[in-house]
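> Provided below for reference: sequence and predicted model.
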Amino acid sequence: MTIENAGAPSNLFYQSRQRRPLVGEARGIYIWDADGRRYIDGSSGAMVANIGHGNERVLDAMRTQMDKATFAYRLHFENEPAERLARMTASKMPEGLDRVFFVSGGSEAVESAIKLARQHTLAVGQPDRWKIISRYPSYHGSTLGALALTGMELMSRPFEPMMREMPKVPAPTCYLDRDGLSMEERGLRYAEMLREEIERQGAESVLGFIMEPVGGASTGALVAPDSYYRRIAEICREYGILFILDEVMTGAGRTGRFLAAEHWDLKPDIIALSKGFAAGYAPLGAMVAHNRIVEPVLANGGFIHGYTYAGNPLACAAGLAVLEEIERRALCDNAAEMGALLKTELTGLKARYPFIGDVRGKGLLTAFELVSDAQTMTPLPKAMDAHVHLVEEAYSRGLIIYSRRTRGGLEGDHFMVCPPLIVSREQIGEIMAALTDSLDAFADRFGLPRGNG
Ligand SMILES: Cc1ncc(COP(=O)(O)O)c(C=O)c1O
């Protein structure tokens, strides 16, 4: 069933883009539309459905909670799912990060991080610190505070007069650099750009630095050289600025560890979580902060911030059951193992499709980028709109992948292949078969060269 002829849609969200079929059912890594056509959820929606769809344990936990209470306002009642989820979340964080603040999504988690950081600096008597440096490209959310940190010009430009844009440093896109440096040296060079920016802004005015430890949709799963992470953390410490990790997409196991921070033993001050945290079963996110950040704020009158739905018992019951499933089924390990397999398979496609310029990612946060010249990494012509057409080829073959223009959202095309963390070896094979068919059709349509692989 499609709704193409239904006239002007009343749901504003659908007005600006191509209509899609109505969803029917979703189970495991598959979604069926209302006509019974099956799709592989090769991107877990927007890298959300980490434990797959229709998980009975999570649904049972939600039903049980629903029968008790779906809402009790946090100023009037505490609730057990929120208490248990807070404890379980804290147990998965680096030491000291055990203060959890629930929200309903990623943008809210980032907003909360910004506000806590600011209130902390006021509480410790440094009111001149208010700038949070972020990276370009990056994505931190669409509310005005999170948008001010987001490094995607096309998204923020219309709202510039209404917000205070924050300073940006280049994201460490070392794979694009053509110089004599090793990757580790490039990593250090990008990290130094943070130091330079802090100096340029005036260190006394800088409150924090925020980054996605592995890039999300804005960079297509960008992973920096190890040297970058070490140096960035040192620079934040040296200048006494807060180190904030946006783990909205990377958290809850997506990269093969519960937090991407664990790959580099990062000890941030604040972490933002959402997406895989409740894996699509409920709108939920969290900001988790170190005790040393929270205590002065509480002592200074408390955190002046909050949302009506924060700590909602039903959402927290879902989140708790999701975290239990991640543990019970060792999904972080499966993400690491299946992610390595997927990356090898995608890298293997380069021989057959010379227009695949780069394959990157960690765990099951995996992407590939298309180019017209893999040596120079020159993007495909902008007008080709590859990021639209390849996704449509895949969609018509029952495979959902997620694309964006790379390079600041302005040109270039990358594609995220990020199935749920429950994906099996055979299902990776299914994804690759549908993707290969789609790439063949895409190459034929645009007359792109083919190799012998
Ligand atoms: C890294 C990152 N931060 C924040 C957000 C915003 O999350 P939400 O769309 O749930 O508000 C996203 C969403 O894609 C994200 O990927």
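Sure thing, it's come through.
> what does the stretch 151-300 of the chain put close to the ligand?
212, 216-217, 246, 248-249, 274 (CB under 6 Å from any ligand atom). Where C-beta positions appear, they are placed from N, C-alpha and C, glycine not excepted.
> could you dump the residues you listed into JSON lines and include secondary structure and pLDDT?
Formatted as JSON lines, these follow (DSSP: H, G, I helix; E, B strand; the rest coil; pLDDT from 0 to 100):
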{"residue": "212", "secondary structure": "coil", "pLDDT": "98"}
{"residue": "216", "secondary structure": "coil", "pLDDT": "96"}
{"residue": "217", "secondary structure": "coil", "pLDDT": "95"}
{"residue": "246", "secondary structure": "strand", "pLDDT": "99"}
{"residue": "248", "secondary structure": "coil", "pLDDT": "98"}
{"residue": "249", "secondary structure": "coil", "pLDDT": "98"}
{"residue": "274", "secondary structure": "coil", "pLDDT": "98"}
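> turn the residues you listed into TSV, including neighbour count and distance to residue 405.
Output for those, formatted as TSV (neighbours: other CB atoms under 10 Å; distance: CB to CB, whole Å):
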residue	neighbour count	distance to residue 405
212	26	17
216	28	14
217	24	10
246	31	20
248	29	20
249	29	17
274	27	23
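> out of the residues you listed, who's nearest residue 316?
Of all these, residue 274 has the smallest distance to residue 316: 13.3 Å, by CB to CB.
> quick one: the helices in this structure, in order.
44-47, 56-68, 80-91, 106-123, 144-149, 153-156, 183-201, 226-239, 291-299, 313-328, 331-352, 386-396, 425-446 (DSSP state H).
> apart from its neighbours in sequence, what residue is nearest residue 353?
Nearest in space to residue 353, with sequence neighbours left out and distances taken as CB to CB, 6 or more residues apart in numbering, is residue 439 at 5.4 Å.
> no wait, residue 424
Nearest one to residue 424, counting by CB to CB, 6+ apart, is residue 338 at 7.6 Å.
> number of residues surrounding that neighbour?
If you count neighbours by other CB atoms under 10 Å, residue 338 ends up with 24.
> quick revisit: comparing the helices of the chain by mean pLDDT, which bottoms out?
For the helices of the chain, mean pLDDT drops lowest on helix 153-156, to a mean of 91.
> give me the contact list for that helix.
Applying CB atoms under 8 Å, 6 or more residues apart in numbering, the external contacts of helix 153-156 come out as 142, 147-148, 150, 163, 165, 408-410.
> quick check, nearest of the residues you listed to the ligand?
The closest of the contacts of helix 153-156 to the ligand turns out to be residue 142 (CB to the nearest ligand atom; 6.2 Å).
> tell me who's in contact with the residue nearest to that closest one when sequence neighbours are not counted.
Distances taken as CB to CB, 6+ apart put residue 107 closest to residue 142, at 5.6 Å, once the chain neighbours are dropped. Under the criterion of CB under 8 Å, 6+ apart, the neighbours of residue 107 are 140-143, 146.
> reformat the helices of the chain as TSV; add distance to residue 371.
As requested, these are arranged in TSV below (distance: least, CB to CB, whole Å):
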stretch	distance to residue 371
helix 44-47	23
helix 56-68	40
helix 80-91	40
helix 106-123	29
helix 144-149	28
helix 153-156	21
helix 183-201	19
helix 226-239	23
helix 291-299	42
helix 313-328	35
helix 331-352	11
helix 386-396	10
helix 425-446	13
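> for residue 28, find the nearest of the ones you listed.
Among these, if distance is taken as CB to CB, the winner is helix 425-446, at 8.5 Å.
> could you dump the closest one to CSV, C-alpha only?
Extracted in CSV, the C-alpha atoms of helix 425-446 (Å, rounded to 0.1, in the frame of the first residue of the first chain):
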residue,chain,number,x,y,z
ARG,A,425,27.3,-14.2,9.0
GLU,A,426,24.6,-15.4,6.6
GLN,A,427,22.8,-12.2,6.8
ILE,A,428,26.0,-10.2,6.0
GLY,A,429,26.1,-12.4,2.9
GLU,A,430,22.5,-11.4,2.1
ILE,A,431,23.3,-7.7,2.6
MET,A,432,26.4,-8.0,0.3
ALA,A,433,24.5,-9.8,-2.4
ALA,A,434,21.8,-7.1,-2.5
LEU,A,435,24.4,-4.3,-2.3
THR,A,436,26.4,-5.8,-5.2
ASP,A,437,23.3,-6.0,-7.4
SER,A,438,22.6,-2.4,-6.5
LEU,A,439,26.1,-1.2,-7.3
ASP,A,440,25.9,-3.0,-10.7
ALA,A,441,22.7,-1.3,-11.5
PHE,A,442,24.1,2.1,-10.3
ALA,A,443,27.3,1.7,-12.3
ASP,A,444,25.3,0.7,-15.5
ARG,A,445,23.0,3.7,-15.1
PHE,A,446,25.9,6.2,-14.9
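> could you check the angle it makes with helix 386-396?
Going by axes from the mean of the first three to the mean of the last three CA atoms, to 10 degrees, helix 425-446 is angled at 120 degrees with respect to helix 386-396.
> quick one: stretch 85-105 near the ligand?
Yes: residues of stretch 85-105 are located near the ligand by CB under 6 Å from any ligand atom, namely residue 105.
> which of the residues of the stretch 151-300 of the chain next to the ligand sit farthest apart?
217 and 274 (13.7 Å).
> ok, back up a step: distance check, the residue nearest to residue 142 against residue 139.
For residue 107, the distance to residue 139 equals 10 Å [CB to CB, to the nearest Å].
> next one: residue 232
18 Å.
> count of neighbours near the residue in the stretch 101-250 of the chain that the ligand sits nearest to?
Per CB to the nearest ligand atom, residue 106 is where the stretch 101-250 of the chain lies closest to the ligand, at 2.1 Å. Using other CB under 10 Å, residue 106 has 28 neighbouring residues.
> so it sits against residue 248, correct?
Yes: Residue 106 is within contact range of residue 248, at 3.7 Å (criterion: CB atoms under 8 Å).
> overlap in contacts of these two?
Common neighbours of residue 106 and residue 248 (CB under 8 Å, 6+ apart) are 140-141, 272, 274-275, 285.
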